[in-house]
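K.L.:
Sequence first, then the predicted structure:
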2 protein chains.
Amino acid sequence: MDAPPLLNPAALPLAVDLYELTMLQAYLHSGLDGPATFSLFFRKLPARRSYAVACGQQEIAEQLPALRFQRTALDALAGVPGLSPALLDWLAGFRFSGTLRAVREGTPVFPQEPILEISGPLPEVQLLETLIMNQVHTQTVLATKAARVRHAAGPVPVVDFSMRRAHGIEASVRGVRAFHVGGLDATSNVLGGLSYGMPLSGTMAHSFIQAHESECQAFEDFWETSPQPTFLVDTYDSLRGVARVIELSRRLGRTPAAVRIDSGDLGTQAHAIRRMLDEAGLAEVRILVSGNLDEQAIAALRREGAPVDGFGIGTALGVSRDAPALDLVYKMVEYDGRPRAKRSPGKVQLPGPKQFWRRRDAAGRLLGDTLGLASEPPQAGEPQLRALIVDGEPVPGALEPLDAARAHCARELAGLPPERIALEADAPALDVSLTPALRALAEHH
Amino acid sequence: MDAPPLLNPAALPLAVDLYELTMLQAYLHSGLDGPATFSLFFRKLPARRSYAVACGQQEIAEQLPALRFQRTALDALAGVPGLSPALLDWLAGFRFSGTLRAVREGTPVFPQEPILEISGPLPEVQLLETLIMNQVHTQTVLATKAARVRHAAGPVPVVDFSMRRAHGIEASVRGVRAFHVGGLDATSNVLGGLSYGMPLSGTMAHSFIQAHESECQAFEDFWETSPQPTFLVDTYDSLRGVARVIELSRRLGRTPAAVRIDSGDLGTQAHAIRRMLDEAGLAEVRILVSGNLDEQAIAALRREGAPVDGFGIGTALGVSRDAPALDLVYKMVEYDGRPRAKRSPGKVQLPGPKQFWRRRDAAGRLLGDTLGLASEPPQAGEPQLRALIVDGEPVPGALEPLDAARAHCARELAGLPPERIALEADAPALDVSLTPALRALAEHH
């Protein structure tokens, strides 16, 4: 039941910014092919975010060893003015020979903490800049949004309805993966669900009702091919729609799985619908709500005690509407054995390849992180960056199943201070301190 | 120089929400396969938008006639619980046999105006809902953002630097197309540029400077392989970086194309750099700026008279950060010859297949739109929806080159009232009136 892959592997290596190719050309010309390390991190969190859930780095670890410039890609590049034959030859022979270290997917991360570090010959790791940034950025933004939605919904199931408003099919598919890591329960996205083996969920659209002569006829028709239907009841009038479901249920002697409302005052309607269903002896019929939901609206419905058994969330999730981007950067931290850093105004950067350690108490509560140099002796706590690829070879057993990443994310978030992962928290959920060695290197660099 | 296609055609038809398949199954079971028309439009504009630039509908017109469920896709679907063999058989034989009408790409559109309408047997047009919405939504959101950036930048060239923070590679590539329609000038995105034949632009990253022993050595090395370089001068200190460029220029007797600054106070630095370059006899060296730009920041730099010769814009453009989604809906407006509409509270919808006409004065200024029924006699003005596919066959000559869409967009926006397309305008840029026939149908439906 695996779906066909969405992206053409012949096109993927062309996911570069032109400057990577012009820089490569200069590196090759000057023989600048010493070992380099780049670090992927963010300097600050967007408004309304107190953490980011790292996601996508395992897909990068799967993509890199297979990345090849095939003939079609090289032919296309040959048409770009200014690219040298030497560069095209080098690209034709490209195989990633470096090392990739990354935090586990589902790990909440904070400013300055590397999500991943990549080491290898300078031209190789420079070439991969845009692909790595694009892929990890997308899934990290989306997993973070999903974790917030999960937090708001508590134990109530949440289904992803966002495919239609995601930025492209690819974003919607990668979103399914990220939403699972962030804690959502199912998706309506067929390609995404099949690609990653996620539970699919689907009901009916208003057009289904409108195509029938009557709402009642529509429900009856749907029931013939869907044994456990969820009826969309708000096409004309939600309460009358529910009355029709009840009447049909009696007439056929069957019980639907759920009703769904997608417009109007969801809380008020849910209360009224719950009463109608209960009085009709249909206490097991669930109420699903959707329609312009985000984590704030979900939290508000739960605060007012709305009897909702499932949320469907679309646009706000699929584009992470309130924070669609993260200030993720890919910066050189070492070249040829020497720490490097940019010193532009307002963008101070910590030099050197890094590691960070997460400290917990006996109950599993997160106490803080220590950010230091990869070359330092281990600090207290658990080291967070782990090797996924070493010298071009995938580390056996290093990639973990998505369910493990999801469980890891849930555990880590449960261990964070409640007041600092609240939806409205405006500070990072965890303190990050620097080791004396890193601090000294940063000051004297 | 065509790039390999990014998306695998075998995966594309799986870009559906599950409910489309469960509805289809019920349609097939009940024989509900009469002619239906769906309309793609939005009910209201997001905050900070006074128009949307329709984009992506030509790509849909290219995709639909080729869309097939191949064996790999059908095998994947066979594993989804609850889908019937009858449905899978129908999908195996699917060919789009309907009609697609759409506005020209680059057309500014307003609430309730269809971007496209699609007619055909109900199961076919229901099946295509998510694919059409996803693709047109993405490019319309991104073209709209680009048009605002174009408006802010006036005649100053703007380059797309957004690939790394777009939501996936696909979004970045489709973005290149949409940004061109919206009026931007070039892109750093190699795959996107090659896919659509757009001008590529690229300079160097801070890591290039950092990899060298000195900034000066980095500039000199780069110049050896790039005859018309743009030097990034802010890695350590912008003004010292410019001084090095000037010194190197003298020493080598060559003139670079430009310098770029990416951090700090861009306006103040641009003034200082302009003076330095002019005093050094390098008046033709351009100044490019980038770094967290959006249309407001670009407008502010131009208002203060900053001597900027080109803008590079990334994240804010690539995810349309202030308005990453549009309330685009795909609604049934007719089935089996009868107008249909949803009547849920707060979501009133106009029934019937539509056309709209755009009225202009002799100087080309846009006076207003008239929204009516497709079956009505022509109204004053130019009809906006044009057939791209009829009965499954592409209309010869109906697709226009992207440059024509770009020119159309520029002309249309230039014809809108200036105060209503200002960046801060909070009302639609054009009045849309309904024909009496549409009004009557909506009231008595």
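P.N.:
Great, that's in hand. Numbers count the residues shown, from 1 in each chain, chains lettered A, B, ... in the order given.

K.L.:
what stretches of the stretch 251-400 of chain A score poorly on pLDDT?
P.N.:
A:343-348 (pLDDT under 70).

K.L.:
Show me what from it comes close to chain B.
P.N.:
When proximity is defined by Cβ under 8 Å from any Cβ of the partner chain, the stretch 251-400 of chain A lies next to chain B at A:262-264, A:315, A:318-321, A:324-328, A:330-332, A:335, A:340-347. Yep, even glycine has a C-beta here, placed from its N, CA and C like the rest.

K.L.:
Now restrict the residues you listed to buried residues only.
P.N.:
Neighbour counting with 16 or more other Cβ atoms under 10 Å in any protein chain shown marks A:262-264, A:315, A:318-321, A:324-326, A:328, A:330-332, A:335, A:340-344, A:347 as buried within those.

K.L.:
Out of these, which sit inside strands?
P.N.:
Cross-referencing these against strands under DSSP state E gives A:328, A:330-332, A:335.

K.L.:
quick one: which of the residues you listed is nearest chain B?
P.N.:
residue A:332 (3.9 Å; Cβ to the nearest Cβ).

K.L.:
tell me the secondary structure for the closest residue to the closest one other than its chain neighbours?
P.N.:
Nearest non-adjacent residue to residue A:332, counting by Cβ to Cβ, 6 or more residues apart in numbering or on different chains: residue B:207, 3.9 Å away. Each residue gets one of three states, and residue B:207 gets helix by DSSP: H, G, I helix; E, B strand; the rest coil.

K.L.:
Contacts only, for residue B:207.
P.N.:
A:23, A:36, A:38, A:126, A:331-332, A:340 (Cβ atoms under 8 Å, 6 or more residues apart in numbering or on different chains).

K.L.:
give me the number of residues near residue A:265?
P.N.:
Residue A:265: 14 surrounding residues under other Cβ atoms under 10 Å in any protein chain shown.

K.L.:
Can you report how many residues neighbour residue A:251?
P.N.:
Residues within reach of residue A:251, counting by other Cβ under 10 Å, total 10.

K.L.:
Next, give phi and psi for residue A:304.
P.N.:
Backbone torsions for residue A:304, taken as degrees, to the nearest 10, come to phi -80, psi 10.

K.L.:
same thing with residue A:120?
P.N.:
The phi/psi pair for residue A:120 (degrees, to the nearest 10) reads phi 160, psi -180.

K.L.:
Show me the beta-bridge partners of it.
P.N.:
Beta bridges link residue A:120 to residue A:36, judged by DSSP bridges.

K.L.:
pLDDT value on it, please?
P.N.:
Looking at residue A:120, its pLDDT is 98.

K.L.:
residues of stretch A:270-283 that come out buried?
P.N.:
For stretch A:270-283, burial by neighbour count (16+ other Cβ under 10 Å) applies to A:270-271, A:273-274, A:276-277, A:280, A:282.

K.L.:
Equivalent analysis for stretch A:399-406, please.
P.N.:
Residues of stretch A:399-406 classed as buried by neighbour count (16+ other Cβ under 10 Å): A:399, A:402, A:405-406.

K.L.:
residues contacting the residue in the stretch 201-350 of chain A that chain B sits nearest to?
P.N.:
Proximity of the stretch 201-350 of chain A to chain B (Cβ to the nearest Cβ) peaks at residue A:202, 2.9 Å away. Taking Cβ under 8 Å, 6+ apart as the contact definition, residue A:202 lies against A:188, B:17-22.

K.L.:
most neighbours, which of the residues you listed?
P.N.:
Tallying neighbours with other Cβ under 10 Å puts residue B:17 at the head of the contacts of residue A:202, with 30 neighbours.

K.L.:
Looks like it contacts residue A:191 (just checking).
P.N.:
No: applying Cβ atoms under 8 Å, one finds residue B:17 not in contact with residue A:191, separated by 10.0 Å.

K.L.:
could you pull out the strands for the stretch 301-445 of chain A?
P.N.:
Taking DSSP state E, counting those that start in this stretch, the strands of the stretch 301-445 of chain A run over residues A:310-313, A:328-335, A:338-339, A:354-360, A:366-373, A:382-383, A:386-390, A:393-394, A:432-434.

K.L.:
In terms of secondary structure, what does the strand or helix carrying residue A:19 contact?
P.N.:
In this assignment (DSSP states H and E), residue A:19 forms part of helix A:18-30. Helices and strands touching helix A:18-30, by 3 or more Cβ pairs under 8 Å, 6 or more residues apart in numbering or on different chains; DSSP states H and E, are helix A:85-92, helix A:122-127, helix B:190-196, helix B:206-211, helix B:215-225.

K.L.:
Mind listing residues that contact that helix?
P.N.:
Here helix A:18-30 makes contact (Cβ under 8 Å, 6+ apart) with A:32-33, A:77, A:80, A:82-84, A:86-87, A:90, A:122-123, A:126-127, A:129-130, B:188-190, B:193, B:200-205, B:207-208, B:211, B:221-222, B:224-226.

K.L.:
residue contacts, residue A:246?
P.N.:
Contact analysis of residue A:246 by Cβ under 8 Å, 6+ apart lists A:276-277, A:280, A:282.

K.L.:
How about stretch A:290-304, which residues are buried there?
P.N.:
For stretch A:290-304, burial by neighbour count (16+ other Cβ under 10 Å) applies to A:290-291, A:293-295, A:297-299, A:301-302.

K.L.:
go on, stretch A:167-178?
P.N.:
A:167-178.

K.L.:
Cross the residues you listed against helices and list the overlap.
P.N.:
Counting by DSSP state H, these place A:169-178 in helices.

K.L.:
can you list these in JSON lines and add pLDDT and distance to residue A:256?
P.N.:
Converted to JSON lines, these look like this (pLDDT from 0 to 100; distance: Cβ to Cβ, whole Å):
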{"residue": "A:169", "pLDDT": "98", "distance to residue A:256": "31"}
{"residue": "A:170", "pLDDT": "98", "distance to residue A:256": "35"}
{"residue": "A:171", "pLDDT": "98", "distance to residue A:256": "33"}
{"residue": "A:172", "pLDDT": "98", "distance to residue A:256": "28"}
{"residue": "A:173", "pLDDT": "98", "distance to residue A:256": "30"}
{"residue": "A:174", "pLDDT": "98", "distance to residue A:256": "33"}
{"residue": "A:175", "pLDDT": "98", "distance to residue A:256": "29"}
{"residue": "A:176", "pLDDT": "98", "distance to residue A:256": "26"}
{"residue": "A:177", "pLDDT": "98", "distance to residue A:256": "31"}
{"residue": "A:178", "pLDDT": "98", "distance to residue A:256": "31"}
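
K.L.:
Quickly note the distance from residue A:87 to chain B.
P.N.:
Distance of residue A:87 to chain B, computed by Cβ to the nearest Cβ, to the nearest Å: 9 Å.

K.L.:
Then residue A:357?
P.N.:
Distance from residue A:357 to chain B, by Cβ to the nearest Cβ: 27 Å.

K.L.:
go on, residue A:61?
P.N.:
Taking Cβ to the nearest Cβ, one finds residue A:61 at 17 Å from chain B.
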